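J.: sequence-free structure coming up:
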């Protein structure tokens, strides 16, 4: 009986020790992701297309893979770029993201309803949606 209790306690202790580093690593990854989102928002605000491209290469990620998870003051990166009048970076992002990603964030409708379709970013969005073969 004592052997069974001892075995169970060591199994629980071992499992707990294995789970703790995983939870810590997840929290650290989440913090880094939030920090990266903050950097991307700053680049969008400042119209820093080259710096954004460099950071994407450095992190070995594509804009289309992270676009839907980044929000800047409650707006998508494209919406935030439009509000900030950051035409270069907004157009770059609009060309880089898949149509599905743009639809998910509802960027085209938002631009139309808020009067941004006549901007360079709006023109890029219009072109992407009008030339969609689906």
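T.: Received the coordinates, thanks. Bear in mind the structure is a predicted one, so any value in this text is a computation, not a measurement.
J.: what separates residue 103 from residue 122, distance-wise?
T.: According to CB to CB, to the nearest Å, residue 103 stands 16 Å off from residue 122. All C-beta atoms are positioned from the backbone trio N, CA, C, and that covers glycine.
J.: what are the ranges of the helices in this protein?
T.: Assigned by DSSP state H, the chain shows helices spanning 2-46, 49-59, 63-66, 77-83, 87-96, 99-105, 107-113, 120-130.
J.: before we move on, back to that, when residue 103 and residue 122 are compared, which one has more neighbours?
T.: Comparing residue 103 with residue 122 by neighbour count (other CB atoms under 10 Å), the higher total belongs to residue 122, at 23 against 14.
J.: My guess is residue 79 contacts residue 108. True?
T.: No. Contact status for residue 79 versus residue 108: not in contact, 10.7 Å apart, counting by CB atoms under 8 Å.
J.: Give me the below-cutoff pLDDT ranges for this protein.
T.: 1-32, 133-134 (pLDDT under 70).
J.: If we use 50, what do you get?
T.: Within the chain, the stretches with pLDDT under 50 are 2, 4-31.
J.: Can you give me the neighbour number for residue 74?
T.: Neighbours of residue 74 (other CB under 10 Å): 7.
J.: nope, residue 100 is what I was after
T.: 11.
J.: And for the one 10 residues further on?
T.: Using other CB under 10 Å as the criterion, residue 110 is surrounded by 16 other residues.
J.: what does residue 83 give?
T.: 16.
J.: Give the closest residue to it in space, chain neighbours not counted.
T.: Distance criterion CB to CB, 6 or more residues apart in numbering; nearest residue to residue 83, sequence neighbours excluded, is residue 75 at 6.7 Å.
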